[in-house]
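Chemist: Dropping a prediction and its sequence here:
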Amino acid sequence: MTLALDKLADQVLGELRPGLSADVLAQIAPLSEAITGARRILCYGVGREGLMMRALAMRLFHLGCDAHVVGDMTAPPVGDGDVLFVSAGPGQFSTVAALADIARRSGARVICITAEPDGAVPRAADLTVHLPAQTMAADQGGAATSVLPMGSLYEALMFLFFEILVLDLRDRMDVSPEAMRANHTNLE
């Protein structure tokens, strides 16, 4: 049993590696520039993608950014100088599309992270980040490319990509690990 689990772990790690290739990581520089140039960053995603967006918002806050999660009671209005950063792994979610439209009409830039850059939401975004990974849109039959269920490969890559993004932002913004830690809540 242990050997089979070791093989599964190796397969998962092998599936993750292409999602962190040099071409994928090259997208971090323009993303970092957009984030550091924003007045506010509002993050949104649905389902497990939404959990990864919440994790990013938390780290952006730790960096000292004015970062929020859409839908939280304390999320401010979006407007000029702001960025709405959304996830649309399969390229289209009606709620994501609606929020992106509101943000655009309010003067904010829209950034979309996706596995399907030809989808409606990423095509309409000001900046698109492409993570090549299976999502729920292509997890069945011959389209399936991952041993992981549904969109787990995409969601795992989101987390890892975001952590590398945070390291890049930390250096660009000259924020020390100690300063980040000082922004962590003490109400846990």
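Modeler: Okay, I see it.

Chemist: and Gln11, what pLDDT?
Modeler: Gln11 carries a pLDDT score of 90 in this model.

Chemist: who touches Leu187 in this structure?
Modeler: For Leu187, the contact set (C-beta atoms under 8 Å, 6 or more residues apart in numbering) is empty. Where C-beta positions appear, they are placed from N, C-alpha and C, glycine not excepted.

Chemist: mind listing what's buried in the worst-scoring helix or strand of the chain on mean pLDDT?
Modeler: Least confident helix or strand, the chain: helix 2-16 with a mean of 88, by mean pLDDT, DSSP states H and E. Judged by neighbour count (16 or more other C-beta atoms under 10 Å), helix 2-16 contains these buried residues: 15-16.

Chemist: can you give me the strands for this structure?
Modeler: Applying DSSP state E to the chain gives strands spanning 41-44, 67-69, 83-87, 109-114, 127-130.

Chemist: Do me a favour and average the pLDDT over the fourth one.
Modeler: Per-region confidence: strand 109-114 scores 98 on mean pLDDT.

Chemist: The longest helix seen in the chain packs against which elements?
Modeler: Secondary structure of the chain per DSSP state H: the longest helix is helix 152-173. If contacts are counted by 3 or more C-beta pairs under 8 Å, 6 or more residues apart in numbering; DSSP states H and E, helix 152-173 sits against helix 2-16, helix 28-36, helix 47-62.

Chemist: try it again with 10 Å
Modeler: Other helices and strands packing on helix 152-173, by 3 or more C-beta pairs under 10 Å, 6 or more residues apart in numbering; DSSP states H and E, are helix 2-16, helix 22-25, helix 28-36, helix 47-62, strand 83-87, strand 109-114, strand 127-130, helix 177-182.

Chemist: Any buried residues in that helix, and which?
Modeler: By neighbour count on 16+ other C-beta under 10 Å, the buried set for helix 152-173 is 152-158, 161-162, 165-166, 168-170.

Chemist: Dump the helices and strands packed on helix 152-173 into a markdown table; add distance to Thr74 as well.
Modeler: Shown next, in a markdown table, are these (distance: least, C-beta to C-beta, whole Å):
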| stretch | distance to Thr74 |
| --- | --- |
| helix 2-16 | 34 |
| helix 22-25 | 32 |
| helix 28-36 | 20 |
| helix 47-62 | 11 |
| strand 83-87 | 16 |
| strand 109-114 | 21 |
| strand 127-130 | 25 |
| helix 177-182 | 20 |
